[in-house]
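S.K.: Model the structure of this input:
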Amino acid sequence: MARLFGTDGVRGVANDELTPLLAMQLGQAGAYVLSKENEHKPTIMVGCDTRISGDMLANALMAGACSVGANVVYVGVVPTPAVAYLTRKYKVDAGVVISASHNPVEFNGIKFFDGNGYKLPDSLEDEIEELIKSGMKDVKFPVGSGIGKIKYRTDAKEEYINHSIRAVNVDLKGMKIVVDCAEGAAYYTSVEALKELGAEVVAIHNNPDGTNINANCGSTHMEELMARVVYEKAKVGLAFDGDADRLLAVDENGELVDGDQIMAIVGNYLKQQGKLKNDTIVATVMSNLGFFLMAEKNRIHMEQTKVGDRYVLERMKEIDASLGGEQSGHVIFLDGNTTGDGLLSALHLLQVIVETGKPLSELKKVMEVLPQALINARVPNHKKEKYMEYPEIAEAIKNLEQQFAGEGRVLIRPSGTEPLVRVMIEGKDQKLIENEARKLAELIQNCML
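M.R.: Predicted coordinates:
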């Protein structure tokens with residue numbers, strides 16, 4: 001059986017792979033494992049994004065947690081980083097988010113935070129998984145007054161907005177901003193926070209109906225935002241994903257500014273202010289080569305991890321870094337929150353625009369983005385880790401690495417959350433790298449299907 005937990009919790013098609021039964025078992029095992037050292041009755045905080053299956057899975061998970069004697073605080077639809085922050089603030093034993101992030105509506109996921117607001121290490125996830133597989137062996141289920149209860153809170157969104165504004169209190173008066181909320185958890189918090197700071201906000205895709213999350217909008221579909229920024233003559237565009245833990249931006253000319261560029265802009269500014277801890281940024285192997293060249297030029301130390309914001313965070317904690325993230329827009333400002341935080345990232349970026357007086361199109365010139373091609377090969381989920389076991393694929397990868405040696409790089413990796421093998425090539429010639437990446441992706445797909 002494949003590992004239940006991926007790089008970002010448990011993911012799957014809701015009511016098919018991720019069933020209410022599995023959600024209940026995760027509630028039971030998660031509440032038990034994360035609170036078994038405590039003498040007191042544990043409390044778990046639960047939030048979700050806007051997808052229609054959220055109610056079904058949240059209620060199943062909360063029932064499971066209550067059945068092992070845990071109390072639950074349900075905060076409803078809020079961004080993932082809000083749950084991380086509130087878990088820490090209220091000193092509850094754990095936090096849980098029901099979300100599949102940037103994925104389409106039919107998917108959902110369950111991810112846990114410990115009492116300090118950090119995603120769980122592999123060892124704790126394995127412990128939860130083993131407990132489920134054992135049928136909750138040796139766990140005593142309380143009766144009577146020992147059963148947990150659920151408390152419903154409606155003020156979590158405001159608390160998160162207030163925290164974000166305190167963290168980066170920037171004056172946005174006179175700034176016109178287009179915000180794409182992805183019909184997701186940012187639909188209220190991002191718009192209200194920017195308005196409170198004085199911005200003129202044009203909000204799009206901020207009417208979630210449970211079925212439209214991430215549908216041709218948000219950080220995975222930037223085309224509409226790019227056009228709208230130009231049409232509105234706005235200073236900047238901001239795009240969140242379904243659970244609002246990532247941010248991509250658009251400059252005043254309608255051009256994309258990705259996670260690497262956001263980190264380069266903000267990191268370089270923080271270094272100049274003497275506020276970049278240890279003059280270090282943590283990025284992943286997927287970050288653009290241009291990001292690393294920018295860092296070298298500006299005397300910023302770069303640390304590299306495998307893909308997944310949890311691995312970025314682990315490294316940040318190990319070396320005491322304050323900034324890290326991914327090209328996809330998961331950016332972690334560890335002084336402000338313990339996970340990727342789209343709103344916090346937006347406010348930091350806006351602060352640089354305001355305090356330097358420079359447009360985003362100029363600020364992004366701090367790094368040159370080298371041509372990069374990323375093509376996905378769709379493969380059976382249970383095979384995605386085994387692509388190198390196919391001699392034809394291994395040979396093709398070896399030949400490509402030799403072809404681009406010294407003038408680019410080749411990176412192949414299975415997706416942590418989807419049935420995909422990602423083929424990424426960097427080089428000087430966009431057409432060449434796209435052609436080679438497509439050929440390799442097709443080979444992988446044909447061999448592995």
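S.K.: The closest residue to residue 368 other than its chain neighbours and residue 236: what is the separation?
M.R.: Setting aside the residues directly before and after it, residue 368 is nearest to residue 290 in space (C-beta to C-beta, 6 or more residues apart in numbering), at 4.6 Å. Glycine gets a C-beta too; all of them are placed from N, C-alpha and C. Distance, residue 290 to residue 236, using C-beta to C-beta, to the nearest Å: 21 Å.
S.K.: Neighbour count for the two, which is higher?
M.R.: Neighbour count, other C-beta atoms under 10 Å: between residue 290 and residue 236, residue 236 has more, with 23 against 19.
S.K.: Hmm, that one is touching residue 360, no?
M.R.: Yes: between residue 236 and residue 360 there is a contact at 5.4 Å, judged by C-beta atoms under 8 Å.
S.K.: what is in contact with the two at once?
M.R.: 249, 251, 252, 349, 353 (C-beta atoms under 8 Å, 6 or more residues apart in numbering).
S.K.: Contact partners for residue 183?
M.R.: By C-beta under 8 Å, 6+ apart, residue 183 lies in contact with 50, 205-209, 212-215, 217-218, 242.
S.K.: JSON lines for the residues you listed, including neighbour count and secondary structure?
M.R.: Listed next are the contacts of residue 183 as JSON lines, based on neighbours: other C-beta atoms under 10 Å; DSSP: H, G, I helix; E, B strand; the rest coil:
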{"residue": "50", "neighbour count": "25", "secondary structure": "coil"}
{"residue": "205", "neighbour count": "25", "secondary structure": "coil"}
{"residue": "206", "neighbour count": "19", "secondary structure": "coil"}
{"residue": "207", "neighbour count": "11", "secondary structure": "coil"}
{"residue": "208", "neighbour count": "22", "secondary structure": "coil"}
{"residue": "209", "neighbour count": "10", "secondary structure": "coil"}
{"residue": "212", "neighbour count": "18", "secondary structure": "coil"}
{"residue": "213", "neighbour count": "32", "secondary structure": "coil"}
{"residue": "214", "neighbour count": "26", "secondary structure": "coil"}
{"residue": "215", "neighbour count": "14", "secondary structure": "coil"}
{"residue": "217", "neighbour count": "25", "secondary structure": "coil"}
{"residue": "218", "neighbour count": "27", "secondary structure": "helix"}
{"residue": "242", "neighbour count": "33", "secondary structure": "coil"}
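S.K.: Pick the one among the residues you listed closest to residue 192.
M.R.: Closest to residue 192 out of those is residue 206 (10.6 Å), distances taken as C-beta to C-beta.
S.K.: Please tell me I have it right and the closest one contacts residue 178.
M.R.: No: counting by C-beta under 8 Å, residue 206 stays clear of residue 178, with 11.2 Å between them.
S.K.: Which helix or strand contains the nearest residue to residue 3 once chain neighbours are set aside?
M.R.: Spatial nearest neighbour of residue 3, excluding adjacent residues (C-beta to C-beta, 6+ apart): residue 129 at 7.1 Å. Following DSSP states H and E, one finds residue 129 within helix 122-133.
S.K.: Past that helix, which element shows up next along the chain?
M.R.: strand 150-152.
S.K.: Just the residues contacting stretch 441-449, thanks.
M.R.: With C-beta under 8 Å, 6+ apart, stretch 441-449 has contacts from 375-380, 383, 386-387, 390, 392-393, 396, 412, 421, 423.
S.K.: can I have it written out in PDB, keeping just the CAs?
M.R.: Taking C-alpha atoms only, stretch 441-449 is exported to PDB below (Å, rounded to 0.1, in the frame of the first residue of the first chain):
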ATOM      1  CA  ALA A 441       7.400  13.800 -20.900                       C
ATOM      2  CA  GLU A 442       5.700  11.900 -23.700                       C
ATOM      3  CA  LEU A 443       8.300   9.100 -23.400                       C
ATOM      4  CA  ILE A 444       7.700   8.800 -19.600                       C
ATOM      5  CA  GLN A 445       3.900   8.800 -20.100                       C
ATOM      6  CA  ASN A 446       4.000   6.200 -22.900                       C
ATOM      7  CA  CYS A 447       6.400   3.900 -21.000                       C
ATOM      8  CA  MET A 448       4.600   4.000 -17.700                       C
ATOM      9  CA  LEU A 449       0.900   3.900 -18.700                       C
END
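S.K.: Show me which residues of it are buried.
M.R.: For stretch 441-449, burial by neighbour count (16 or more other C-beta atoms under 10 Å) applies to 441, 443, 444, 445, 447, 448.
S.K.: Let's see which of these end up in helices.
M.R.: 441, 443, 444, 445, 447, 448 (DSSP state H).
S.K.: Save those as TSV, and put in distance to residue 20 and pLDDT too.
M.R.: Below are those laid out as TSV (distance: C-beta to C-beta, whole Å; pLDDT from 0 to 100):
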residue	distance to residue 20	pLDDT
441	36	95
443	40	95
444	35	95
445	33	93
447	37	92
448	32	91
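S.K.: Tell me the one of those residues nearest residue 96?
M.R.: residue 448 (33.6 Å).
S.K.: Cool, thanks, signing off.
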